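Below: sequence and its predicted model.
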Amino acid sequence: MVLFLEFTGTILKYTQNLVHQDNFMKADDLAFDRRHIWHPYSSMTRFLPSYSVISADGYKLTLSDGRSLVDGMSSWWAVIHGYNHPVINQAMQDQISRMSHVMFGGITHLPAVSLCRRLVSMTPPGLDCVFLADSGSVAVEVAIKMAFQYWQARGEPRYKLLALRHGYHGDTFGAMSVCDPDNSMHSLYKGYLPKHFFIQPPGRRFNDSWCEGDDKELVDFLALHHHRLAGMILEPIVQGAGGMRFYHPEYLRQARILCDHYDLLLIADEIATGFGRTGEWFACNHAGISPDILCIGKALTGGALTLSATLTGRHVANTISDSDAGCFMHGPTFMGNPLACAAANASLSLLEDESWRPRVAAISSELRAGLLPLIEHPRVYDVRVLGAIGVVETKDSVNIATLQKWFVDHGVWIRPFGKLIYLMPPYIISMKALRQIIEAIVDSLDVPVHFLL
Ligand SMILES: *Cc1c(COP(=O)(O)O)cnc(C)c1O
């Protein structure tokens with residue numbers, strides 16, 4: 001009997017493996033997912049469907065039921081070269097056969113050195129010291145800790161930052177504390193979160209002409225309160241998850257000038273915007289500025305693995321290092337993970353010939369041609385395009401369940417939130433596929449059940 005049970009157990013395990021070999025999910029797996037697994041910003045009681053993806057290649061996702069979807073999201077800014085990229089895959093396979101991981105304390109390795117060499121050379125000038133971390137939020141935590149340790153080292157501790165409303169910097173506590181204060185995160189944790197200062201982001205849009213005084217709130221705030229601040233944190237040019245808004249590069253230039261004038265650290269969070277997405281290598285390049293501290297993540301590995309980095313100038317790094325603390329107090333277990341570094345090296349090598357530039361430009365003009373006319377649509381509040389980012393802001397919030405299903409039924413993967421239907425497709429998307437996504441968005445606006453009135 002025992003033997004029999006063991007035997008059937010083995011067979012069961014074997015068949016389960018067979019079934020799972022191709023990532024195919026049964027109804028029972030979806031039921032487990034629904035009952036036991038958190039998804040991003042999800043509820044365990046008010047259920048939103050998840051779609052089972054079994055594979056992804058180029059700009060296409062394949063679902064369990066065999067349907068294939070054109071990807072408009074790059075898995076949240078990350079998969080810029082498309083899925084299953086042979087060069088990134090090969091680099092990872094080569095690295096796996098040497099070592100997937102080794103600790104970074106007291107040890108170094110070529111994948112990390114090559115990556116940091118690349119990052120120092122491709123990021124805006126002056127950012128010479130690299131801290132590798134595991135995710136965007138952690139890169140922001142590291143940036144904030146560096147800013148605080150810097151002021152501590154100067155013998156003048158300062159723990160306040162200036163941030164922009166509608167900003168988004170991640171989900172960990174430090175990062176949350178500089179996100180837009182009026183969204184639910186601040187109200188949920190306000191008894192715990194440190195209090196920073198917030199001003200309105202510039203109203204002047206990317207393509208408008210700058211008018212003197214457009215940065216008045218920033219100028220006035222700093223004149224009064226600069227001595228209370230360690231620095232200013234912002235997403236350069238593109239405010240991402242906090243509203244998908246694009247502002248004028250002159251604001252960034254002025255922020256740089258003012259931070260220099262008042263001796264404040266400027267922290268640029270380019271976790272979403274880095275690596276070509278806005279039409280330049282980094283959004284800071286639109287303004288020709290270098291921040292004192294730069295955070296990158298998301299597309300760093302081409303979306304193959306999680307990895308982020310915080311870069312600083314030599315001055316910040318040396319001030320921290322020469323302090324009484326004697327070092328920078330942070331060291332993640334998986335710091336400099338060689339496999340992630342190998343993926344990042346491959347992804348950056350794919351960017352180096354700058355062939356992304358004409359592709360991003362082509363995506364941009366297709367997005368403009370397809371989306372900008374929607375400004376006339378009665379349901380649409382605003383439409384904006386920058387680089388390979390397209391945003392349709394609706395007047396009413398979307399019904400994510402019905403709209404998502406409709407998009408899937410129309411062969412496209414778009415994940416709207418709030419009043420935002422937005423696109424950041426992989427750079428390798430074909431113009432035909434891009435038009436298919438745009439058409440799906442255009443048609444979706446005419447279906448009343450897609451909106452919460
Ligand atoms: C996504 C994002 C983060 C957080 O990155 P995670 O990898 O999700 O922790 C921080 N800042 C910006 C601007 C982002 O877009």
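Thanks, I have it. Only a predicted model underlies this, so the values are computations on that prediction, with no experimental measurement involved.

so who does N345 touch?
Applying CB atoms under 8 Å, 6 or more residues apart in numbering to N345 gives the contacts 91, 111, 114-115, 118. The C-beta positions use only the backbone N, C-alpha and C, and glycine is treated the same way.

export those to CSV and tack on pLDDT and neighbour count?
Formatted as CSV, the entries for the contacts of N345 read as follows, by pLDDT from 0 to 100; neighbours: other CB atoms under 10 Å:
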residue, pLDDT, neighbour count
A91, 98, 24
P111, 98, 22
S114, 98, 16
L115, 98, 26
R118, 98, 17
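
Closest to the ligand out of those residues?
Of all the contacts of N345, L115 has the smallest distance to the ligand: 17.1 Å, by CB to the nearest ligand atom.

Contact partners for that closest one?
Per CB under 8 Å, 6+ apart, neighbours of L115: 132, 341, 344-345, 348.

switch to 6 Å and redo it
Contacts for L115 (CB atoms under 6 Å, 6 or more residues apart in numbering) come out as 341, 344-345.

Of those residues, which belong to helices?
Using DSSP state H, the members of the contacts of L115 that fall in helices are 341, 344-345.

filter the contacts of N345 down to the ones close to the ligand.
Checked against the ligand using CB under 6 Å from any ligand atom, the contacts of N345 give no members in range.

just to revisit the earlier point, of the contacts of L115, which is the nearest to A369?
Proximity of the contacts of L115 to A369, judged by CB to CB, is greatest for A344, which lies at 33.5 Å.

What count of nearby residues applies to that closest one?
A344: 31 surrounding residues under other CB atoms under 10 Å.

Quickly note the distance from the closest residue to it other than its chain neighbours to M92.
Counting by CB to CB, 6 or more residues apart in numbering, A344 lies nearest to T301, which is 4.6 Å off, once chain neighbours are set aside. From T301 over to M92 the distance is 9 Å, taken as CB to CB, to the nearest Å.

hang on, D128 packs against R314?
Yes: the criterion here is CB atoms under 6 Å, and D128 meets it with R314 at 5.0 Å.

Which elements pack onto the strand or helix carrying K432?
In this structure, K432 sits in helix 431-444 according to DSSP states H and E. With contacts defined as 3 or more CB pairs under 6 Å, 6 or more residues apart in numbering; DSSP states H and E, the packing partners of helix 431-444 are strand 68-71, helix 356-371.

Quick one: those as TSV, columns for distance to L48 too.
Conversion of the helices and strands packed on helix 431-444 to TSV gives the following (distance: least, CB to CB, whole Å):
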stretch	distance to L48
strand 68-71	17
helix 356-371	26
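
So which of those is the most surrounded?
Compared across those, strand 68-71 shows the largest average neighbour count, a mean of 22 (mean count of other CB atoms under 10 Å).

one step back: report the mean per-residue pLDDT for the helix or strand just after the helix holding K432.
Sequence order places strand 451-452 as the next helix or strand after helix 431-444, per DSSP H and E. Confidence for strand 451-452, expressed as mean pLDDT, is 94.

Between T301 and M92, which is the more surrounded one?
The neighbour count for T301 versus M92, taken as other CB under 10 Å, is higher for T301 (29 against 20).

quick one: that one from the ligand, how far?
Separation of T301 from the ligand (CB to the nearest ligand atom, to the nearest Å): 11 Å.

OK, contacts around that residue?
With CB under 6 Å, 6+ apart, T301 has these contacts: 307, 340, 343-344, 347.

Looks like H450 contacts Q404 (just checking).
No: with contact defined as CB under 6 Å, H450 does not reach Q404; the gap is 9.5 Å.

what are the phi and psi values for the spatially most central residue of the chain?
Nearest to the mean C-alpha position of the chain, counting by CA atoms, centre = their mean, stands A272 at 3.5 Å. In this entry, A272 is assigned phi and psi values of phi -90, psi -40 (degrees, to the nearest 10).

Not counting residues beside it along the chain, what's closest to it?
For A272, the nearest residue in space outside its immediate sequence neighbours is G240; the separation is 4.1 Å by CB to CB, 6+ apart.

Tell me, how many residues neighbour that neighbour?
Other residues near G240 number 23, with proximity taken as other CB under 10 Å.

Could you do the one 10 residues further on as well?
For E250, the tally of surrounding residues (other CB under 10 Å) stands at 19.

how much space is there between it and the ligand?
21 Å.

So that residue is in contact with W210, correct?
Yes: using CB under 6 Å, E250 is in contact with W210, at 4.1 Å.

Y51: what secondary structure?
Y51 carries the three-state label coil when classified by DSSP: H, G, I helix; E, B strand; the rest coil.

per-residue confidence for it?
pLDDT for Y51: 95.

could you measure it against the ligand, distance?
Note on Y51: its distance to the ligand, by CB to the nearest ligand atom, is 20 Å.

Redo the ones in helices among the contacts of L115 as TSV? Include pLDDT.
Compiled in TSV, the ones in helices among the contacts of L115 are given as follows (pLDDT from 0 to 100):
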residue	pLDDT
C341	99
A344	99
N345	98
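
And these, which is closest to L229?
With CB to CB as the yardstick, the closest approach to L229 among those comes from A344, at 32.6 Å.

quick one: contacts for that closest one?
Counting by CB under 6 Å, 6+ apart, A344 makes contact with 115, 300-301, 307.
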